[in-house]
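Enquirer: Sequence first, predicted model second:
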Amino acid sequence: FNPSTVIEFVVPTSGFATLKVYNVLGQEVATLFEGNAEAGRVYTVRFEGSNLPSGLYFYTLRSAGKIETKRMLLMK
């Protein structure tokens, strides 16, 4: 993506959820969502990477005791 992208997610169980972005060193660079999420609802968030260097980033969704991580590549 360059310099922003849209991330969509759905949680299987209603409850507290977080969506955070990390760099390859494991340092948190952004919190995109933090709050109560409804099961089955599609959430859409925009990640703006214009202030970050090019490289590999990971976003992690934590919800209902489950963790899902995916990668994304920022190219400027």
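Expert: Structure received. Numbers count the residues shown, from 1 in each chain.

Enquirer: mean confidence for stretch 28-47?
Expert: For stretch 28-47, mean pLDDT rounds to 97.

Enquirer: Of all the residues in it, which ones are buried?
Expert: For stretch 28-47, burial by neighbour count (16 or more other C-beta atoms under 10 Å) applies to 29-30, 32-33, 37, 43, 47. Where C-beta positions appear, they are placed from N, C-alpha and C, glycine not excepted.

Enquirer: Any chance of CSV for the residues you listed, columns secondary structure?
Expert: Formatted as CSV, the buried residues of stretch 28-47 follow (DSSP: H, G, I helix; E, B strand; the rest coil):
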residue, secondary structure
Val29, strand
Ala30, strand
Leu32, strand
Phe33, strand
Ala37, strand
Tyr43, strand
Phe47, strand
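
Enquirer: now, among those, which is nearest to Tyr57?
Expert: Closest approach to Tyr57 among the buried residues of stretch 28-47 (C-beta to C-beta): Val29, at 7.0 Å.

Enquirer: Contact partners for that closest one?
Expert: Val29 makes contact with 21-23, 52, 57 under the criterion C-beta atoms under 8 Å, 6 or more residues apart in numbering.

Enquirer: Check the residues you listed and tell me the two furthest apart.
Expert: The most widely separated members of those, counting by C-beta to C-beta, are Tyr22 and Leu52 (11.4 Å).

Enquirer: Now the two most distant members of the buried residues of stretch 28-47.
Expert: The widest separation within the buried residues of stretch 28-47 (C-beta to C-beta) is 21.3 Å, between Val29 and Ala37.

Enquirer: Work out for me the element the closest residue to Tyr59 other than its chain neighbours sits within.
Expert: Taking C-beta to C-beta, 6 or more residues apart in numbering, and ignoring the residues beside it in sequence, Tyr59 has Val21 as its nearest neighbour in space, at 4.9 Å. Here Val21 sits within strand 15-23, counting by DSSP states H and E.

Enquirer: That concludes my questions; thank you for your assistance.
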